[in-house]
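>>> Okay, sequence plus prediction incoming.
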Amino acid sequence: MSSSPHSQEPFFLTCDNARQLARSSESLCFVLIFIGIVINASVCGIMLRNKIVLKNLSNFFVFHLSAVDLVFRLLTVGPLIYLSVVYTSDKEDIPCKLFQFSSSICGATFFVTLVVISVDVYRDASSPPKRLMSRRKPFLVVAVVWLYAVICSAPVIYSSQSVTYLGISETSVNTTQGKLENCSVPRLCDYLKHWSSQLSSTLYFVMAFFVPLVVMVTLFVMTYLYLSRDYNSGSISVETVKAKRKVTKMLITLSLGVVICWGPVVLISMLRSYDILNGVSYDIVLILLIISELMKFLNSLFNPLVFAYYIPNFRKDLLGICLCAGKCAKSRNEAEKPSLRLGSLHMIQSTEYRDSQMM
């Protein structure tokens, strides 16, 4: 006996399960937001301390990646807190519109920033050494990047809405009556079942995700080809080739991280706007929505490890921060012992001085 997916009972979703799922995802989301703020603030602090942000365009936009992630977490935490405590049946679309718009802008900014970095790396591999970068240039490029991101994300404002777990388009009244009919279930941000949703999701997928991804892949491939050509012709040294390939590998790793973390939510949004997932079980769609949203907050959490692996000086500074934090904590615990506290302070100052001399 066969039946459509929407005529079957959901395999796990009850009132208690819905609330537990919401609490777990919200708690994990806020933990990821906090960890991301600490990590990105540390990365920005190290780069500012070593005065390498304006050294070249790539350095500036690597710094910009961490700064954008900080902005993303700070802008979205407010709407997420509101949505986590509002379990009503009334529509509260403004927080969702703010969350979706802020999230979309920052996601597009990530991808376009990586395009700018890949362009700079490609130019460095294919052209003679460039002049020193003017101080105005990076800020002008940043303005263009954010303007492009706003254009890509503007339609999201109209097509976003707040719905309960039962309000997503893949659900069916027959599957939820009885178990969740009288349940005060959580809310999440979704898109209208309207042509505006198809327009906004398609525009965003093409302009903010697909086109930047194609450009990045093309430029990285061309960069490797130019480096191989120059190495085979003997126009550059082996050490130079290795250094440039190392930088390219680091940027490819960063790009893969952004694609893996932000790609699923962009792709799922577009597929759902065309009802392509209507044949999938409601429970599976709901879990996919929650997981894809959480993955956005994983972005950049592993960036310090990437930087530490490819950049020795960053590794030293990151280790110095960890050691300094440990010594500061120890000095607080021994605050009642003045002589030991002075000794700890002296060691911290010595560590900072030594690390600064290694840059």
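Received the coordinates, thanks. Residues are numbered from 1 along each chain as shown.

>>> State the mean pLDDT of stretch 120-129.
Here stretch 120-129 scores 80 as its mean pLDDT.

>>> do the same with stretch 141-158
If you average the pLDDT over stretch 141-158, you get 94.

>>> Counting neighbours, which bits of that stretch end up buried?
Buried residues in stretch 141-158, defined by neighbour count with 16 or more other Cβ atoms under 10 Å: 141, 142, 145, 146, 148, 149, 152, 153, 155, 156, 158. The C-beta positions use only the backbone N, C-alpha and C, and glycine is treated the same way.

>>> Same check on stretch 52-66?
52-54, 56-66.

>>> Which parts of the chain are helices?
Per DSSP state H, the chain carries helices over the ranges 15-49, 57-85, 93-126, 137-159, 173-176, 195-204, 211-233, 238-273, 282-296, 303-310, 312-333, 338-358.

>>> With distance to residue 165 as added columns, please give those helices in CSV.
CSV is the format used below for these (distance: least, Cβ to Cβ, whole Å):
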stretch, distance to residue 165
helix 15-49, 5
helix 57-85, 12
helix 93-126, 14
helix 137-159, 19
helix 173-176, 9
helix 195-204, 19
helix 211-233, 32
helix 238-273, 15
helix 282-296, 6
helix 303-310, 33
helix 312-333, 40
helix 338-358, 50
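
>>> now, of those, which is deepest in the fold?
helix 93-126 (a mean of 22; mean count of other Cβ atoms under 10 Å).

>>> tilt between it and helix 211-233?
20 degrees (axes from the mean of the first three to the mean of the last three Cα atoms, to 10 degrees).

>>> just checking, what packs against helix 93-126?
With contacts taken as 3 or more Cβ pairs under 8 Å, 6 or more residues apart in numbering; DSSP states H and E, helix 93-126 sits against helix 57-85, helix 137-159, strand 160-164, strand 187-191, helix 211-233, helix 238-273.

>>> Residue 266 reaches residue 202, doesn't it?
No - the criterion here is Cβ atoms under 8 Å, and residue 266 misses it with residue 202 at 10.6 Å.

>>> Which residues are in contact with the residue nearest the centre of the chain?
In the chain, the C-alpha closest to the average C-alpha coordinate belongs to residue 299, at a distance of 3.6 Å (Cα atoms, centre = their mean). If you count contacts by Cβ atoms under 8 Å, 6 or more residues apart in numbering, residue 299 has them with 36, 69, 110, 257, 258, 261, 262.

>>> what's the closest of these to residue 193?
Nearest to residue 193 among the contacts of residue 299: residue 262, at 23.8 Å, using Cβ to Cβ.
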